[in-house]
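**Q** Requesting a structural model of the entry that follows:
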Amino acid sequence: MSGRVVDQNGKALAGIDVQIECDQESPIQEVQSDEDGRFNFDRVPPGPFELTNMGEGFVPQTISNTLGPGQDYVAPSITMSLATVVTEVRVSPSVEEIAQEEFKDLEQQRVLGIAPNYYVSYVGEAAPLTPRRKFELALKATTDPVTTMAVATIAGVDQATNRFSGYGQGAQGYAKRYGASYANFASGLWIGGAILPSILKQDPRYFYKGSGTKRSRFLYAVSRPFICKGDNQRWQPNYSSVFGDLAAGGLSNLYIPERDRHGAHLTFENAGIALGTSAAIDVLQEFVLRRLTSRRQ
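**A** Here you go, the predicted structure:
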């Protein structure tokens with residue numbers, strides 16, 4: 001048996017591996033094409049055979065036929081085609097690029113398109129916030145017009161119920177209550193949402209669960225003021241939230257009217273109110289606010 005191997009332009013191909021396989025009892029024979037592209041096999045047993053040609057960079061070619069007893073078989077010219085080289089390139093953004101895009105989305109989240117909802121992530125494996133972004137988020141939240149309106153409403157309720165009576169009434173009393181309410185909110189957010197999370201490397205956001213039974217989701221939500229995700233993506237005690245609210249409660253003793261101060265009692269009372277409020281908001285985040293939040297991640 002003999003034949004010749006050429007390329008698509010008809011030029012001889014040397015060094016092409018040529019194999020012939022006959023019946024299962026006969027061993028596979030292999031030769032290489034010479035400089036003229038020719039190959040030869042001697043003493044090939046009669047019967048069906050497969051002639052396979054293989055070369056680096058070429059598509060394998062197989063010829064099947066039957067060899068009769070005493071027959072000298074000359075294979076038709078075998079043309080080898082260049083193999084198609086497929087190069088797969090995977091382009092992945094860096095962690096910093098991912099974090100930047102996620103942060104842009106975070107800054108756009110609002111309930112009903114109005115109230116800011118910056119401190120919730122709907123991405124389970126969201127990139128951690130850098131200290132700079134933690135402070136940027138705190139600044140954005142404390143200066144948002146909707147926030148100032150909410151603080152104004154709280155001050156108005158305190159005025160109407162004469163809470164902290166030492167402030168008095170009238171415009172001056174309302175201004176003092178507004179300042180105190182804003183200070184409570186801002187100090188808690190800056191300490192518990194930026195300063196301590198940056199120092200302790202903790203994430204101040206609520207991470208939406210969205211799966212499991214209602215009971216498990218409820219327990220998950222009310223526990224988040226005490227359990228948070230660290231910048232290392234691991235759950236850990238939420239020291240930032242607890243100590244942040246305690247610090248904010250302690251600071252309130254500096255500007256609450258003296259007659260309304262009760263020392264440590266006021267500190268723990270304000271911290272307890274803040275933690276309870278956070279737990280209630282987290283329950284709303286888990287069951288209600290996601291459907292109402294626009295432009296979420």
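**Q** CA only for contacts and neighbour counts going forward, please
**A** Will do.
**Q** What distance do you get for Gln109 to Asn65?
**A** Per CA to CA, to the nearest Å, Gln109 is found 71 Å from Asn65.
**Q** which of these two has more neighbours?
**A** Gln109 (24 against 13; other CA atoms under 10 Å).
**Q** distance from the centroid: which residue in this structure tops it?
**A** In terms of distance from the mean C-alpha position of the chain, Gly70 ranks first, at 70.8 Å (CA atoms, centre = their mean).
**Q** Model confidence score at the nearest residue to that residue once chain neighbours are set aside, please.
**A** In this structure, Gly70 finds its nearest non-sequential neighbour in Pro46, 7.8 Å apart by CA to CA, 6 or more residues apart in numbering. Per-residue pLDDT puts Pro46 at 89.
**Q** quick one, phi psi at Pro46?
**A** The phi/psi pair for Pro46 (degrees, to the nearest 10) reads phi -70, psi 160.
**Q** Number of residues surrounding it?
**A** Neighbours around Pro46, by other CA under 10 Å: 14.
**Q** correct me, but it touches Thr66?
**A** Yes - the pair Pro46 / Thr66 is scored as a contact, 7.3 Å apart, by CA atoms under 8 Å.
**Q** tell me the strands in the chain, going along the chain?
**A** Assigned by DSSP state E, the strands in the chain fall at 2-6, 17-21, 29-32, 38-40, 47-54, 61-67, 78-79, 110-111, 115-116, 120-121, 206-207, 227-229, 235-237, 293-294.
**Q** mind checking how far the first one is from the chain centre?
**A** This points to strand 2-6. Computed by CA atoms, centre = their mean, to the nearest Å, the chain-centroid distance of strand 2-6 equals 57 Å.
**Q** Which parts of that strand count as buried, going by neighbours?
**A** Using 16 or more other CA atoms under 10 Å as the test for burial, strand 2-6 gives Gly3, Arg4, Val5, Val6.
**Q** Just list the residues touching the residue nearest to the second one when sequence neighbours are not counted, thanks.
**A** Read it as Arg4. In this structure, Arg4 finds its nearest non-sequential neighbour in Arg38, 4.2 Å apart by CA to CA, 6+ apart. Residues in contact with Arg38 (CA atoms under 8 Å, 6 or more residues apart in numbering) are Ser2, Gly3, Arg4, Val5, Ala14.
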